[in-house]
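Colleague: Fold the following for me, if possible:
(4 chains)
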There are 2 protein chains.
Amino acid sequence: MKTTLKLQEFLPYRLSVLSNRISRAIADRYEEQFQISLPEWRVIAVLGESSEVSAGFVAQKTAMDKVAVSRAVNKLITSGLLIRKFANEDKRRSVLSLSKSGSEVYNEVAPLAIDYENKMMKQLSLNDQSLLEELLGKLEKINL
Amino acid sequence: MKTTLKLQEFLPYRLSVLSNRISRAIADRYEEQFQISLPEWRVIAVLGESSEVSAGFVAQKTAMDKVAVSRAVNKLITSGLLIRKFANEDKRRSVLSLSKSGSEVYNEVAPLAIDYENKMMKQLSLNDQSLLEELLGKLEKINL
DNA sequence: TGATATTAGTTTCACATGAAACTAATATAT
DNA sequence: ATATATTAGTTTCATGTGAAACTAATATCA
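Modeller: I've put the predicted structure just below:
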């Protein structure tokens, strides 16, 4: 049980630095190659997994707020990567899916992202890899 | 070894969501109680540990960029929490330290931050706690 | 039914942020 | 000594961001 603060040993701080470093490294690659921002990529990633979903669904899956989703969606529509329809039963609800070129981007970026993860994970032993999975799962369930 | 992407299982994404959730939860408390932002708090935290240091040193310790440090420092000086002098040997280099009220803030917020960490950690078994430390250490050493 | 509340998503506003250009001080090379 | 490069930190600019107010559609209640 800690009683004094050292930033370098402070868990939330270390997590934040680590996470930013990793996200930035990956984002740098697809931002440059495909001109899409991190929030835009997250929207694409969700739509690559599940098509014909609402903006709200995307917000929930990505843990982004609805403003961020709205903006990312609009940019993606403008750049032709995403198609928006509206639900007949509820004309407020958007029905989003990737366009042909959106799918192409997804199919190119997804492996790049996975490669990155694999490259990281390979630097841990198999045992550490599963420990990490497990711990992350536990941490996600923690109440703050 | 993964070959398909599921956002919910994608390590960088999970790390990012977890880290944001934790940082936000803590920041919400001191932002409200002490009107200091997360970058400002990080600067204070470094100066609480080591006094009479330069802006560059703070930037390095906090993993913030120099622009962010410069702005945080200026705000903290304006609000009277921080004192800036300049080094005689090199008049460019600032020599930063907490003012009396800056130290008071540090002495109030630091325990709050530690409490938070302890409260989180207590939800893990002792074994998981040390595993987490260990894994984090390994992840920090990974090259991207 | 009409009146009120809720929900999905957008817009606006004020503030945060990072990159690049800049200033001033110091170090290095000629 | 004088020019050139480097370093510490700041400012500017263009963009990103979240909260709150807003619009439009649907649901609920009396």
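Colleague: For chain A, just list every one of the helices.
Modeller: A:11-34, A:38-49, A:55-62, A:66-78, A:100-121, A:126-141 (DSSP state H).
Colleague: how far away is the nearest residue in space to A:Ser37 that is not next to it in sequence from A:Glu104?
Modeller: Nearest non-adjacent residue to A:Ser37, counting by C-beta to C-beta, 6 or more residues apart in numbering or on different chains: A:Glu31, 6.4 Å away. To be clear about C-beta, it is placed using only N, CA and C from the backbone, and glycine gets the same treatment. A:Glu31 is 17 Å from A:Glu104, where distance means C-beta to C-beta, to the nearest Å.
Colleague: Likewise for A:Pro39?
Modeller: 20 Å.
Colleague: out of the helices of chain A, nearest to B:Glu52?
Modeller: helix A:11-34 (22.0 Å; C-beta to C-beta).
Colleague: for that closest one, packing partners?
Modeller: If you count contacts as 3 or more C-beta pairs under 8 Å, 6 or more residues apart in numbering or on different chains; DSSP states H and E, helix A:11-34 packs onto helix A:38-49, helix A:100-121, helix B:11-34, helix B:100-121, helix B:126-141.
Colleague: Quick check: buried residues in that helix?
Modeller: Neighbour-count burial for helix A:11-34, counted by 16 or more other C-beta atoms under 10 Å in any protein chain shown, picks out A:11-19, A:21-23, A:26-27, A:30, A:34.
Colleague: give me every residue that touches the closest residue to A:Leu11 other than its chain neighbours.
Modeller: Residue nearest to A:Leu11 in three dimensions, not counting chain neighbours: B:Glu117, with 5.2 Å by C-beta to C-beta, 6+ apart. Applying C-beta atoms under 8 Å, 6 or more residues apart in numbering or on different chains to B:Glu117 gives the contacts A:Lys2, A:Phe10, A:Leu11, A:Pro12.
Colleague: these two touch, right, the third one and B:Met121?
Modeller: Pointing back at A:Leu11 there. Yes: between A:Leu11 and B:Met121 there is a contact under C-beta atoms under 8 Å: 7.3 Å.
Colleague: For these two, list the residues in contact with both.
Modeller: Residues touching both A:Leu11 and B:Met121 (C-beta under 8 Å, 6+ apart) are B:Leu132.
Colleague: Leaving out chain neighbours, which residue sits closest to the most centrally placed residue in chain A?
Modeller: Of all residues in chain A, the one closest to the mean position by C-alpha atoms, centre = their mean is A:Arg42, 4.0 Å from it. Excluding the flanking residues, the one nearest A:Arg42 by C-beta to C-beta, 6+ apart is A:Thr62, at 4.4 Å.
Colleague: what pLDDT does the one you found get?
Modeller: A:Thr62 carries a pLDDT value of 94.
Colleague: now do A:Lys100
Modeller: According to the model, A:Lys100 carries a pLDDT of 97.
Colleague: mind listing what it touches?
Modeller: Going by C-beta under 8 Å, 6+ apart, the list of residues near A:Lys100 is empty.
Colleague: can you tell me how far it sits from DNA strand D?
Modeller: 24 Å (C-beta to the nearest atom of the strand, to the nearest Å).
Colleague: pretty sure the residue nearest to A:Ser37 contacts A:Pro39?
Modeller: No: contact between A:Glu31 and A:Pro39 fails when scored by C-beta under 8 Å: they sit 11.1 Å apart.
Colleague: For chain A, which residues are neighbours of DNA strand D?
Modeller: Neighbours of DNA strand D within chain A, by C-beta under 7 Å from any atom of the strand: A:Ser37, A:Leu38, A:Pro39, A:Met64, A:Asp65, A:Val67, A:Ala68, A:Arg71, A:Glu89, A:Asp90, A:Lys91, A:Arg92.
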